[in-house]
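Asker: Here is a sequence together with a model predicted from it:
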There are 2 protein chains.
Amino acid sequence: MKPKEPLVPLERTVAVDLGRRSYGVRVGPGLLGAMGDAVAALPGVTGAAIVTDSNVGPLYGQRVSDALAAAGVQAALIEFPAGEASKNLSTVAGVLDALLAITPAVDRATVVVALGGGVVGDLAGFVAAIALRGMRFYQCPTSLLADVDASVGGKTGVDHQAGKNLIGAFHQPAGVMIDVETLKTLPRRELIGGLAECVKHAVIRDASLLDYIEDRAEDILACLGDVMTELIARNVAIKAQVVADDEREAGQRAHLNYGHTVGHAIEAQAGYGELSHGQAVALGMVAANRLAVGRGLLDEQSAQRIERLLNKLELPTRRPGLDADKVWWIMQHDKKALAGRIRMVLPTKLGAAGIFDDTDEQALRDAIEYLGSP
Amino acid sequence: MKPKEPLVPLERTVAVDLGRRSYGVRVGPGLLGAMGDAVAALPGVTGAAIVTDSNVGPLYGQRVSDALAAAGVQAALIEFPAGEASKNLSTVAGVLDALLAITPAVDRATVVVALGGGVVGDLAGFVAAIALRGMRFYQCPTSLLADVDASVGGKTGVDHQAGKNLIGAFHQPAGVMIDVETLKTLPRRELIGGLAECVKHAVIRDASLLDYIEDRAEDILACLGDVMTELIARNVAIKAQVVADDEREAGQRAHLNYGHTVGHAIEAQAGYGELSHGQAVALGMVAANRLAVGRGLLDEQSAQRIERLLNKLELPTRRPGLDADKVWWIMQHDKKALAGRIRMVLPTKLGAAGIFDDTDEQALRDAIEYLGSP
């Protein structure tokens, strides 16, 4: 028996409060086995379609299918090739073809189960949004990023050659089941990428979560069950609160863009795939912190503390050789730039954030150049 | 000057009450010319994309584009091949490609204008629903069926090889502009098809509308402006009331299926395109009326009156040689059949309807066979 794992493993449920579209996010070890009862408990369920990818399907598809069957829910398995390159309308068409070819025919009593990381959740959720003008779907995220980010918010969709996530819909799941044991098969690079979003949530909303991540960094990197359950549940609760306050992307929700304005530009400049999203966001947070310190919002000590934590989590805080001019150009041409103005989310102290439309150009360029320093 | 057209043409606005998604439907002659002011009045509009088909685009695309330009709204024109065969995900992908290729790039401040009949409204509305996770759209229906049916309800979507309208979303327009002059270029067969839905609305909700259609049948078939304005406005008001009562397709809204349960089966049996949707619905209403008379809900005199009106409007009330067995088989296998039970909407008197799940099999077969009698 490992000393740090108690006999009764921790399990948490976070409520996402959206009126009649409210749902719960359950977090804990072994929860894929609970999917049968969870889906069977939805009113009037007659069957299910598990949508997954070629990485996750072979690992967990059968387990979810068996759990559903044991609860009397027959499930078809639909698998598409893993990777961001699959996240397009053509894959959506293929999944719809498979979904609508199921016998007996799917109807609104059928539940779509999204089993996989962010791409699977976004794509399967979108399929559920547009099949039969809206089917219920249940999310089983299997990556840390999907756990703490995509599982709350109702954003579904796919990429287009003109840009990421340009095609999609808002569609809330009937429920989310996060089995923290699936993180043990997640590539380390993806685990670490997800941690950038956890740090983001802590900085904009919950300084005590920052303490927790600092204290348990080794356990987190080792994917210790109870620690991951606690970490994910706290992050889901933060995101759920932000989204409940502001379901359709005005005001509060924009705080989630902390680290993303500069981060997206760095990601685009590096070429998608070269830097992980999480690595780019870590760099973006460091740049935002420079601006916050420069404006007197954040003290230098806190900024340094965040950088140390990012490094401890194996996330980058510098990118030597960064082409600051190009990053700057990309930021100015970002679709989110409002009439040329760049909107920045900055920490106003540890655990709080604000939106700033009046960022000084030179200060922003300096912040980007800071990332390129040794 | 034609004696029946007054100097000031009639114009009507019907409010569709859906809380914060409420909108107005304007009906009158020459209203395509009012599209500029209407779109420019939407908050924050920066541009528009007119989605139309190869029939309607050449007739009215330039007029709408000019009206928008005169109001300071630059509009791109996106045209796809006319016809139900275009109503699929592949056309959606093509329209999205064109929409997302517009320079400067479309954003949520861009409005999609759907200019055309039912296929255009359903498809362009669906594109608007999924582009950028939801763009505003304005409908300019140009067929009578789209005017009185598709302009209210928020149903958007396309067909799939597995069935009609299997892919779609609920997405309400920002407004609807019905220019009754566009009906003058509508093929007569389509005009008549739309009249079946008008009779349907009258029978299930408004006996006085039945009087009006009877009185003005010749003027309606001649597409007289004021009469069409009055007819369409009254029909839109009925549909709006039904939808406002029951936005998401439970209870009340099912009354709109009057004539459609048998009608869809006849349409499928004949092969889509052989009978128009309106012709099939007319036959379906006649069959439903037989059941209603048999149950003592409707008097024989009223049933005969509806048949006479349908004939006056050049809609069929009999289909000699109809394969009643096949229609019956299709009905039993319809996706809307609940656990083998066929749900019928029957008039309970002129101007009212009810939903009946206990239809006697023999009575239903007799009603279908009645259609095949001379």
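Answerer: That came through fine.
Asker: Spatially nearest residue to the residue nearest the centre of chain A (excluding sequence neighbours)?
Answerer: Taking CA atoms, centre = their mean as the criterion, residue A:149 is the residue nearest the geometric centre of chain A, at 2.5 Å. Excluding the flanking residues, the one nearest residue A:149 by CB to CB, 6 or more residues apart in numbering or on different chains is residue A:197, at 5.2 Å. For glycine as for every other residue, the C-beta is placed from the backbone atoms N, C-alpha and C.
Asker: Which residues belonging to the helix or strand that neighbour falls within are considered buried?
Answerer: Residue A:197 belongs to helix A:188-205 when assigned by DSSP states H and E. Neighbour counts over helix A:188-205 (16 or more other CB atoms under 10 Å in any protein chain shown) mark A:190-205 as buried.
Asker: Among those, find me the one that's closest to chain B.
Answerer: Nearest to chain B out of these is residue A:197 (CB to the nearest CB; 20.0 Å).
Asker: who are the neighbours in contact with the closest one?
Answerer: With contacts defined as CB atoms under 8 Å, 6 or more residues apart in numbering or on different chains, residue A:197 is in contact with A:144-145, A:148-149, A:235, A:278, A:281.
Asker: could I get those as CSV with distance to residue A:8, secondary structure and pLDDT?
Answerer: Putting these into CSV (distance: CB to CB, whole Å; DSSP: H, G, I helix; E, B strand; the rest coil; pLDDT from 0 to 100) gives the following:
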residue, distance to residue A:8, secondary structure, pLDDT
A:144, 23, helix, 98
A:145, 28, helix, 96
A:148, 24, helix, 97
A:149, 28, helix, 93
A:235, 22, helix, 98
A:278, 32, helix, 95
A:281, 35, helix, 97
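Asker: State the distance from residue A:51 to residue A:30.
Answerer: Per CB to CB, to the nearest Å, residue A:51 is found 22 Å from residue A:30.
Asker: which one of those two has more residues nearby?
Answerer: residue A:51 (28 against 14; other CB atoms under 10 Å in any protein chain shown).
Asker: My reading is that that one lies in a strand. Confirm?
Answerer: Yes: Residue A:51 forms part of a strand when assessed by DSSP: H, G, I helix; E, B strand; the rest coil.
Asker: Not counting its neighbours along the chain, what's nearest it?
Answerer: residue A:124 (3.7 Å).
Asker: Tell me which helix or strand the one you found sits in.
Answerer: Applying DSSP H and E, one finds residue A:124 within helix A:118-130.
Asker: the strands in the stretch 51-200 of chain A, which residues?
Answerer: Secondary structure of the stretch 51-200 of chain A by DSSP state E, counting those that start in this stretch: the strands cover A:75-80, A:110-116, A:136-141, A:155-160, A:163-170, A:175-179.
Asker: So which of these is the most surrounded?
Answerer: Burial of those is given as mean neighbour count (mean count of other CB atoms under 10 Å in any protein chain shown); strand A:110-116 ranks first at a mean of 29.
Asker: got any ranges where chain A has weak pLDDT?
Answerer: Chain A contains residues with pLDDT under 70 at A:1-7, A:247-250, A:272-273, A:335-340.
Asker: The residue lying farthest from the centre of chain A: what's it in contact with?
Answerer: What lies farthest from the middle of chain A is residue A:104; by CA atoms, centre = their mean that is 34.0 Å. By CB under 8 Å, 6+ apart, the residues touching residue A:104 are residue A:47.
Asker: if we go to 10 Å?
Answerer: By CB atoms under 10 Å, 6 or more residues apart in numbering or on different chains, the contact set of residue A:104 is A:46-47, A:74, A:110, B:335.
Asker: same deal with residue A:312?
Answerer: Contacts of residue A:312 (CB under 10 Å, 6+ apart): A:195, A:213-214, A:217-218, A:220-221.
Asker: repeat that with 6 Å
Answerer: Contact partners of residue A:312, counting by CB atoms under 6 Å, 6 or more residues apart in numbering or on different chains, are residue A:217.
Asker: again, but for residue A:332
Answerer: Contacts of residue A:332 by CB under 6 Å, 6+ apart: none found.
Asker: now residue A:372, nearest residue through space, not along the chain?
Answerer: residue A:322 (3.8 Å).
Asker: what about residue A:59, neighbour count?
Answerer: Other residues close to residue A:59 by other CB under 10 Å number 14.
Asker: now swap in the one 5 residues further on and tell me
Answerer: Residue A:64 has 27 neighbours, counted by other CB under 10 Å.
Asker: In contact with it, which residues?
Answerer: Per CB under 6 Å, 6+ apart, neighbours of residue A:64: A:32, A:35, A:50, A:115.
Asker: Assign the second one to helix, strand or coil.
Answerer: When the structure is reduced to helix, strand and coil (three-state DSSP), residue A:35 reads as helix.
Asker: ok, the residue nearest to residue A:372 to chain B distance?
Answerer: In this view, residue A:322 and chain B are 26 Å apart by CB to the nearest CB, to the nearest Å.
Asker: That residue - that's part of a helix, no?
Answerer: No: per three-state DSSP, residue A:322 lies outside any helix segment and is coil.
Asker: so it touches residue A:374, yeah?
Answerer: No: the criterion here is CB atoms under 6 Å, and residue A:322 misses it with residue A:374 at 11.4 Å.
Asker: Neighbour count for these two, which is higher?
Answerer: residue A:322 (19 against 4).
Asker: Can you report how many residues neighbour the residue nearest to residue A:51?
Answerer: Applying other CB under 10 Å, we find 31 residues neighbouring residue A:124.
Asker: My read is that it contacts residue A:50, right?
Answerer: No: with contact defined as CB under 6 Å, residue A:124 does not count as touching residue A:50 (8.8 Å).
Asker: hey, where'd the helices end up in the stretch 251-374 of chain A?
Answerer: A:260-270, A:277-294, A:300-312, A:324-332, A:361-372 (DSSP state H, counting those that start in this stretch).
Asker: Can you say which of these is packed in most?
Answerer: When the helices of the stretch 251-374 of chain A are scored by mean count of other CB under 10 Å, the highest mean neighbour count falls to helix A:277-294 (a mean of 26).
Asker: packing partners for it?
Answerer: Applying 3 or more CB pairs under 6 Å, 6 or more residues apart in numbering or on different chains; DSSP states H and E, one finds that helix A:277-294 contacts helix A:188-205, helix A:260-270, helix A:300-312, strand A:344-349, helix A:361-372.
Asker: Relative to residue B:369, tell me which of the ones you listed wins on proximity.
Answerer: The closest of the helices and strands packed on helix A:277-294 to residue B:369 is helix A:188-205. By CB to CB, the value is 64.4 Å.
Asker: and the residue of the stretch 101-250 of chain A nearest chain B?
Answerer: Counting by CB to the nearest CB, the stretch 101-250 of chain A gets nearest chain B through residue A:162, at 4.0 Å.
Asker: ok, now how distant is the closest residue to that residue other than its chain neighbours from residue B:69?
Answerer: Nearest non-adjacent residue to residue A:162, counting by CB to CB, 6+ apart: residue B:100, 4.0 Å away. As judged by CB to CB, residue B:100 and residue B:69 stand 22 Å apart.
Asker: ditto for residue A:199
Answerer: 49 Å.
Asker: number of nearby residues for the residue nearest to residue A:135 when sequence neighbours are not counted?
Answerer: Nearest non-adjacent residue to residue A:135, counting by CB to CB, 6+ apart: residue A:128, 4.7 Å away. By other CB under 10 Å, the residues close to residue A:128 number 29.
Asker: Can you pull the residues of the stretch 1-150 of chain A lying near chain B?
Answerer: Contacts of the stretch 1-150 of chain A with chain B, taken as CB under 6 Å from any CB of the partner chain, map to A:89, A:93, A:100, A:130, A:133.
Asker: ok so, going back, just confirm the residue nearest to residue A:135 contacts residue A:134, I think it does.
Answerer: No: Residue A:128 is beyond contact range of residue A:134, at 7.3 Å (criterion: CB under 6 Å).
Asker: residue contacts, the closest residue to chain B within the stretch 1-150 of chain A?
Answerer: Of all residues in the stretch 1-150 of chain A, residue A:100 sits closest to chain B, at 4.0 Å by CB to the nearest CB. Residue A:100 is in contact with B:160, B:162, B:166, counting by CB under 6 Å, 6+ apart.
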